[in-house]
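Sequence and predicted structure, then a few things I'm wondering about:
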Amino acid sequence: VGVNVWYDGLLVRAFLVAAVVILGVVAGHRAAAETDLSSQIEANIEGLADPVAQVRREAAWAFMAIGPAAEPAVPALIKALADLVPEVRQNAAGALGDIGPAAEPAVEALGSALADPNPQVRHRVARTLAQIGPAAAPAVPALVAALEDTEPKIREEAAWTLARIGPAAAPAVPALTRLL
């Protein structure tokens, strides 16, 4: 009996040591992954300023895949909303939407981008404001104007976005009522 207790105790200790080693390795991988993500974000921020449009477009697109963790890129994505290439502007808006409510500092620029000459950009901007949610309230006047857009999908997205903003979008009720 004494040998079994000693053996069981040794076995438990071996499992505990193995667990500690495994957890240490996992924690090390997590730290490495966080470092890799941080360097990826920095590289994509630099990519947004690249002279080659395709690089800027892909850098903005990469932030969509990163999602909320791309919050440090918000200032660079705001600048990308004014890019000369529509696909860069559209991807920048998409990335801001995937960042979500943390992209609130972009609301003013997104409100201005609702007047973009490209309908795909305007549509993506309206959707992005919906993803930001109630924090997008400062864009309500621009969204009300978007209710008069020539593109039906943009009018629809603007109405949906106003609903997502909630009570702060109350000034839009008369314009929404006219659309009924």
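Yep, it's here.

how far away is residue 97 from residue 158?
To residue 158, residue 97 is 14 Å away according to C-beta to C-beta, to the nearest Å. C-beta: built from backbone N, CA, C; applies to glycine.

swap that for residue 127, please
On the measure of C-beta to C-beta, residue 127 and residue 158 end up 10 Å apart.

Which of those two has more residues huddled nearby?
Neighbour count, other C-beta atoms under 10 Å: between residue 127 and residue 158, residue 158 has more, with 31 against 19.

Please report how far that one lies from residue 142.
Applying C-beta to C-beta to residue 158 and residue 142 gives a distance of 9 Å.

for residue 161, same thing?
Plainly put, residue 161 is 10 Å away from residue 142 if you go by C-beta to C-beta.

Could you check which of those two has the larger neighbour count?
It is residue 161, of residue 161 and residue 142, that has more neighbours when counted by other C-beta under 10 Å, with 26 against 21.

Return every residue with contacts to both of residue 158 and residue 142.
residue 114 (C-beta atoms under 8 Å, 6 or more residues apart in numbering).

Name the residues of the helix or strand containing residue 176 that come out as buried.
According to DSSP states H and E, residue 176 maps onto helix 173-178. Across helix 173-178, burial judged by 16 or more other C-beta atoms under 10 Å covers residue 175.
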